[in-house]
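pasting the structure only:
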């Protein structure tokens, strides 16, 4: 018979599977009659499997473990484990063959009660959905995927950028940093290439060609796992030349563009960046906002969104379109094409 646990509001089932192993798992429901029906169903399935060698039911743990194992070498593996821990709190012991939308909704409700954002909940649901799809593909099963269509609405992404005078003040404040002599060059390169923080801190000299005015990012260096080449304007080139002089004087054997005196790669610039922002009087500005600033400057200068997308390495134009509102003149030019039509009687015909 189904039973209750002190740490769970739902009923749990207990039965012997086709191998003779005792199984204790959540039914995912607070309704006792439903729980009894599910337990009876699983007992029948266990009997049929024992007698006719049918496929055994699949647990949540089996689905998640396979997914995490096969993605262990991915860049997102560490974050995936964090999401999986939260999913386990909601789906531990769940039989995936009969996973229902109600259980997904209960997870959403629990995480909302935790005060978690919709974006975070969506990341967790995405992991669960991907794990189910992966299991079905690899083991040729047809587990239901009730996650589909249950993603929450997210607010528009944050866009914070600074003006060129503000950027100049920030760079000047960075030049005064004795503990981070590389910070000014880091800021200049970020503002003029739109590169992400780790793309720059992980940049090696063998991927910089000053003669051709370009630097290269291989797939394993980028967030989207796509290689791209970054053209260097005069400001970006000057920042790299500054780093090259630093290297020649202090650590000629270092492979890193951003290194310390001993040649070790700079791990982060968070503290020195915050100090420079405070000195320059710039508030609510993060390191990633340097990338937003580069994109904003390009769009307001009239650069087409497709070209901005290619420079920044966005996976799709949708990511870049969040900057479209910064180019109202582009839309203004479009509407001038229909000026006078209403006066001449063309509208509606």
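Sure, I can see it. If you're wondering where the values come from, they're calculated on a predicted model, not measured in any experiment.

where does the stretch 51-200 of the chain have low pLDDT?
For the stretch 51-200 of the chain, the stretches with pLDDT under 70 are 51-55, 156-157.

Please, where are all the strands along the stretch 151-300 of the chain?
Under the criterion DSSP state E, counting those that start in this stretch, the stretch 151-300 of the chain contains strands at 208-209, 214-217, 228-231.

and the residue nearest to residue 251 when sequence neighbours are not counted, how many neighbours?
Once flanking residues are discounted, residue 251 sits nearest to residue 263: 3.4 Å by C-beta to C-beta, 6 or more residues apart in numbering. C-beta coordinates here come from the backbone N, C-alpha and C atoms, glycine included. For residue 263, the count of nearby residues is 14 (other C-beta atoms under 10 Å).

For residue 263, give me its contacts.
Residues in contact with residue 263, defined by C-beta atoms under 8 Å, 6 or more residues apart in numbering, are 250, 251, 253, 254, 256.

Just the pLDDT at the last one, thanks.
Model confidence at residue 256, given as pLDDT, is 96.

one step back: which one of the contacts of residue 263 is nearest residue 279?
residue 250 (24.9 Å; C-beta to C-beta).

What ranges does the stretch 201-349 of the chain have for its helices?
234-250, 270-280, 289-300, 305-312, 317-320, 328-335 (DSSP state H, counting those that start in this stretch).

what do you get for the stretch 1-150 of the chain?
Using DSSP H, counting those that start in this stretch, helices in the stretch 1-150 of the chain cover 32-52, 60-70, 77-91, 101-113, 118-139.

mind checking which of the ones you listed is nearest residue 199?
Nearest to residue 199 among these is helix 77-91 (18.0 Å), distances taken as C-beta to C-beta.

What residue spans form the domains of the protein?
3-139, 164-332 (automatic domain parsing).

mind putting the ones you listed in a markdown table, distance to residue 150 included?
As requested, those are exported to a markdown table (distance: least, C-beta to C-beta, whole Å):
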| stretch | distance to residue 150 |
| --- | --- |
| domain 3-139 | 5 |
| domain 164-332 | 21 |
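
so which of these comes closest to residue 153?
Using C-beta to C-beta, the nearest of the domains of the chain to residue 153 is domain 3-139, at 6.5 Å.

Would you mind measuring the gap between the ends of the closest one?
Here the two ends of domain 3-139 are set 32 Å apart, with distance taken as C-alpha to C-alpha, to the nearest Å.

where's that domain relative to the chain centroid, distance-wise?
Put simply, domain 3-139 sits 24 Å off its chain's centre (C-alpha atoms, centre = their mean, to the nearest Å).

residues in contact with residue 14?
Neighbours of residue 14 in contact, by C-beta under 8 Å, 6+ apart: 2, 3, 22, 23, 24, 39.

redo that, cut-off 6 Å
Residues in contact with residue 14, defined by C-beta atoms under 6 Å, 6 or more residues apart in numbering, are residue 24.

Look up the pLDDT of it for me, please.
87.

what bridges to it?
residue 24 (DSSP bridges).

I'd like the distance from it to residue 22, if you could.
In this view, residue 14 and residue 22 are 7 Å apart by C-beta to C-beta, to the nearest Å.

same thing with residue 168?
Distance from residue 168 to residue 22, counting by C-beta to C-beta: 70 Å.

before we move on, back to that, how about the strands of the stretch 151-300 of the chain in a markdown table, adding distance to residue 143 and mean neighbour count?
Below are the strands of the stretch 151-300 of the chain laid out as a markdown table (distance: least, C-beta to C-beta, whole Å; neighbours: other C-beta atoms under 10 Å):
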| stretch | distance to residue 143 | mean neighbour count |
| --- | --- | --- |
| strand 208-209 | 48 | 16 |
| strand 214-217 | 38 | 19 |
| strand 228-231 | 37 | 16 |
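
Can you lay out these as a markdown table showing mean pLDDT and distance to residue 151?
A markdown table is the format used below for these (pLDDT from 0 to 100; distance: least, C-beta to C-beta, whole Å):
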| stretch | mean pLDDT | distance to residue 151 |
| --- | --- | --- |
| strand 208-209 | 94 | 41 |
| strand 214-217 | 90 | 30 |
| strand 228-231 | 87 | 29 |
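
could the ones you listed be laid out in CSV, adding distance to residue 88?
Listed next are those as CSV, based on distance: least, C-beta to C-beta, whole Å:
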stretch, distance to residue 88
strand 208-209, 44
strand 214-217, 36
strand 228-231, 37
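
For residue 194, which of these is the nearest?
Using C-beta to C-beta, these put strand 228-231 closest to residue 194, at 8.1 Å.

Tell me the gap between the closest one and the middle of its chain.
22 Å.

re the thing from before, just say which of the helices of the stretch 201-349 of the chain is most tucked in.
Most buried of these, by mean neighbour count (mean count of other C-beta atoms under 10 Å): helix 289-300, with a mean of 21.

returning to that earlier point: where among the helices of the stretch 201-349 of the chain is the average confidence lowest?
Minimum mean pLDDT among these: helix 328-335, a mean of 55.

What residues does residue 95 make contact with?
Contacts of residue 95 (C-beta under 6 Å, 6+ apart): 25, 57.

Could you do the one 4 residues further on as well?
Counting by C-beta under 6 Å, 6+ apart, residue 99 touches 144, 146.
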